[in-house]
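# Predicted model and sequence below, questions to follow.
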Amino acid sequence: MTELGATTEPGRDAGLAKKLFIKTFGCQMNVYDSARMADVLAPLGYAPAAGPEAADMIILNTCHIRDKAAEKVFSELGRLKPMKLARARAGGDLIIAVAGCVAQAEGAEIQRRAPHVDIVMGPQTYHRLPELVARATRAAGGAGGRGILDTEFPAEPKFDGLPEAAAPQGISAFLTVQEGCDKFCTFCVVPYTRGAEYSRPPADLVAEAGRLVAQGAREITLLGQNVNAYRAAGPDGRSWGLGRLIRALADLPGLARLRYTTSHPADMDDDLVAAHAEVPLLMPFLHLPVQSGADRVLAAMNRRHRAADYRRVVDRLRRARPDIALSSDFIVGFPGEDEADFAATLALIEAVGYAQAYSFKYSIRPGTPAATLPDQVPAAVKAARLERLQALLRDQQAAFNRAAVGRTLPVLLERAGRHDGQLAGRSPYAQAVDVAAPEGLLGSVVPVAILAARPNSLAGRLAAADRQVPA
Ligand code: 5AD
Ligand code: SF4
């Protein structure tokens, strides 16, 4: 979870100055969306607030993917209610907005249970935020909410209505290239909350990436719920997939690294795999969720691939880029999963070998097909399986990190480190690396001799430049 104040140019007319506080839950796409919401509201005079107490408007940018996500939003809204009441009593006003996937999925319920909320808007309507805020401002303030709801999937793509990003994102930046999902995995809410797959035009993305680099970005991570399903008409009149887009972005002067997330195994086309061999800027690390290693479960999940198909995708990637490191998502205890199915998942993990991973107990998302499946797995069984799975993944991650000790890796130095005199960065394989280095090296890719491995990070020292290994 991250917190973000809106940004605006310094010296803006103080008379207009209002304060915005955005609390972001969930994925990197939400972090990107929050920054864009701040950009949209900057021309209306909204400047960053240090905390919710100082804000004239609070936006909760919510995530629906985790268990009890909606309940967490309702308890957060409960905490904001007395704040709004106190503000109204003092003759002031506080606008409360709920954005993101919980807003999309539970809009009416939010208005019913939390009537002090002023604006509820889904992830596809942020470009209409100025209009929604203007409507809220025109309506009478007070302790009650204004009841504005916008959870449509509008015909006009929101990206066309968003201004250019105002605030620099830093050395490692995100760029949303694709949104939505047409896959309909039976456990997942995303196709319902984010809507159909949509890819942004390549020319817009090259321009936005250029601006990110001009603002100091050295690494760009391309984002999408199904990023490798990216497909759009290029300036050459041809249909561009993600591989083609990556090649175009790799030509941007000043850019050092590219990554993309999250991918679906069924959308890993030959051109994208070849890009891993041919584009040096494309980092050898890929988050490629498999969810389960059992074909019966994969079919019930509607994943559109079998375990062997996934293994073949991994083999193709490793042929293209032998050192590629992999990450995945796993769900244990999907309805009907038995011991043999679970063993197949463990076997797949053993066979593939992961550098890191995320794993979850299956939990019901109302409205999704799996929610009503028979044979829900008892909680204790799910907990025990998750523990075994995570122990195996932890061992693999520790082994992967240990294998870096003694090597010299190129590290992009991204921010101040934990201790004075230290900077923190990432290896090509997305490992966090701490290294003693002067601040002037921020934004540089430097060779680092890896001295020690911790469970979730590496520590090293600057090595002589002539020992740098290309990546
Ligand atoms: N139960 C458990 N995990 C889920 N995920 C998505 N929906 C559910 C659910 N109903 C996990 C998947 C997905 C990740 C983002 O969240 O592993 O890849
Ligand atoms: Fe959800 Fe499946 Fe789409 Fe991923 S591919 S967002 S898990 S429906």
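Okay, I see it. Ligands and ions are numbered 1, 2, ... in the order given.
# Need the residues that contact the lengthiest helix in the chain.
When the chain is parsed with DSSP state H, its longest helix is helix 379-402. Residues from elsewhere that reach helix 379-402, judged by C-beta atoms under 8 Å, 6 or more residues apart in numbering: 325, 330, 332-333, 337, 342, 345-346, 349-350, 353-357, 359-362, 429, 431, 453-458. Any C-beta I mention is one placed from the backbone N, CA and C, and that applies to glycine too.
# Filter these down to the buried ones, PyMOL style.
Here is the PyMOL command that selects the buried residues among the contacts of helix 379-402 (16 or more other C-beta atoms under 10 Å):
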select buried, resi 325+330+332+333+337+342+345+346+349+354+355+356+357+359+360+361+362+429+431+453+457+458
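# And stretch 19-29, what's buried?
19, 20, 21, 22, 23, 24, 25, 26, 27, 29.
# I'd like to know which residues of the stretch 51-200 of the chain are adjacent to ligand 2.
181, 183, 184, 185, 188, 190, 191 (C-beta under 6 Å from any ligand atom).
# mind redoing it with 8 Å?
For the stretch 51-200 of the chain, the residues in contact with ligand 2 (C-beta under 8 Å from any ligand atom) are 181, 182, 183, 184, 185, 187, 188, 189, 190, 191, 194.
# Give the burial count for the last one, as a bare number.
When you say that, I think you mean residue 194. 24 (other C-beta atoms under 10 Å).
# so it touches residue 180, yeah?
Yes. Residue 194 lies in contact with residue 180 (C-beta atoms under 8 Å); the separation is 4.7 Å.
# mind giving me JSON lines with the buried residues of stretch 19-29 and columns for pLDDT and distance to residue 393?
Converted to JSON lines, the buried residues of stretch 19-29 look like this (pLDDT from 0 to 100; distance: C-beta to C-beta, whole Å):
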{"residue": "19", "pLDDT": "93", "distance to residue 393": "42"}
{"residue": "20", "pLDDT": "95", "distance to residue 393": "39"}
{"residue": "21", "pLDDT": "95", "distance to residue 393": "36"}
{"residue": "22", "pLDDT": "95", "distance to residue 393": "33"}
{"residue": "23", "pLDDT": "94", "distance to residue 393": "30"}
{"residue": "24", "pLDDT": "92", "distance to residue 393": "26"}
{"residue": "25", "pLDDT": "90", "distance to residue 393": "24"}
{"residue": "26", "pLDDT": "85", "distance to residue 393": "22"}
{"residue": "27", "pLDDT": "82", "distance to residue 393": "20"}
{"residue": "29", "pLDDT": "84", "distance to residue 393": "24"}
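# Grab the nearest non-local neighbour of the residue in the stretch 251-400 of the chain that ligand 2 sits nearest to.
With C-beta to the nearest ligand atom, the shortest gap between the stretch 251-400 of the chain and ligand 2 falls at residue 264, namely 5.0 Å. In space, residue 264 comes closest to residue 226 once its chain neighbours are excluded; the distance is 5.2 Å by C-beta to C-beta, 6 or more residues apart in numbering.
# Looking at the buried residues of stretch 19-29, which are in helices?
Under the assignment DSSP H, the buried residues of stretch 19-29 contribute residue 29 to helices.
# picking that back up, what do residue 194 and residue 180 both touch?
With C-beta under 8 Å, 6+ apart, residue 194 and residue 180 have common neighbours residue 225.
# Confidence-wise, which helix or strand of the chain is lowest on average?
Ranked by mean pLDDT, DSSP states H and E, the helix or strand of the chain with the weakest confidence is strand 2-5, at a mean of 52.
# Give the bridge partners for the closest residue to ligand 1 within the stretch 201-350 of the chain, please.
Nearest residue of the stretch 201-350 of the chain to ligand 1 (C-beta to the nearest ligand atom) works out as residue 329 at 3.3 Å. Beta bridges link residue 329 to residue 358, judged by DSSP bridges.
# Next up, the contacts around it.
Counted by C-beta under 8 Å, 6+ apart, residue 329 has contacts 287, 289, 290, 291, 357, 358, 359, 360.
# The residues you listed also near ligand 2: which ones?
Answer for those near ligand 2 (C-beta under 8 Å from any ligand atom): 289, 291.
# which one of the contacts of residue 329 is nearest residue 174?
residue 287 (13.8 Å; C-beta to C-beta).
# The closest one contacts residue 327, doesn't it?
Yes. Look at residue 287 against residue 327 with C-beta under 8 Å: they come within range, at 4.3 Å.
# Tell me which residues touch the residue nearest to residue 304 when sequence neighbours are not counted, please.
Leaving aside its sequence neighbours, residue 304 sits nearest to residue 266 (C-beta to C-beta, 6+ apart; 4.8 Å). By C-beta under 8 Å, 6+ apart, residue 266 lies in contact with 183, 303, 304, 305, 309.
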